[in-house]
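**Q** Just the structure for this:
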Amino acid sequence: MTFVHIGVFIMAIAFALVSIFFAKLLLRVSGVIGTVGQTVSELEMKMDKTIIELEQTISETNATATDIEEKALALNSVFYTAKHVGDSTSLLSEELAIRTERYAQNPSLPGTRPFVRVIQFTEFASSLFNSWKRGKRA
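**A** Prediction:
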């Protein structure tokens with residue numbers, strides 16, 4: 001009988017030790033879970049702030065894109081006008097070259113040869129100047 005009492009006593013001590021270690025383990029796990037909970041709470045607050053700032057950034061980006069689109073649409077007419085001016089200038093230059101050549105080849109117009117030469121030299125100087133300007137820009 002004494003062995004039974006000693007065995008029960010040893011089992012009780014073993015159970016008490018296991019219970020104490022288990023309680024310590026649960027206490028530490030509880031602390032870790034509490035710390036994780038605080039970290040997640042802080043993360044949630046930081047994410048909320050980040051999301052708000054991200055929404056503001058997206059809103060500002062949208063406003064900037066809209067502004068750029070409006071300005072690009074406003075510039076379309078300027079580019080069309082520049083194209084039309086270039087086309088008109090090209091047509092005028094071609095017509096002037098054709099008429100100048102006709103005057104140079106028409107023998108019935110006496111005294112126009114110096115006038116034609118001045119126009120030809122002016123066209124040559126203009127094309128030389130434009131070529132020089134293009135080279136200067138590049």
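**Q** Residue 119: neighbour count?
**A** Neighbours of residue 119 under the rule other CB atoms under 10 Å: 17. Every residue, glycine included, has its C-beta placed from N, CA and C.
**Q** okay but it is in contact with residue 98, surely?
**A** No. Residue 119 is beyond contact range of residue 98, at 11.9 Å (criterion: CB atoms under 8 Å).
**Q** Helices along this protein, start to end?
**A** Under the criterion DSSP state H, the chain carries helices at the ranges 2-105, 113-137.
**Q** ranking the ones you listed by mean pLDDT, which is last?
**A** Ranked by mean pLDDT, the helices of the chain bottom out at helix 113-137, which scores a mean of 78.
**Q** If we go by neighbour counts, what in it is buried?
**A** Going by neighbour count (16 or more other CB atoms under 10 Å), the buried part of helix 113-137 is 116, 119.
**Q** Not counting its own residues, what contacts it?
**A** Here helix 113-137 makes contact (CB atoms under 8 Å, 6 or more residues apart in numbering) with 93, 96-97, 100, 103-104.
**Q** In a markdown table: the residues you listed, plus neighbour count.
**A** Shown next, in a markdown table, are the contacts of helix 113-137 (neighbours: other CB atoms under 10 Å):
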| residue | neighbour count |
| --- | --- |
| 93 | 13 |
| 96 | 13 |
| 97 | 13 |
| 100 | 19 |
| 103 | 15 |
| 104 | 16 |
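**Q** Cheers, nothing more for now.
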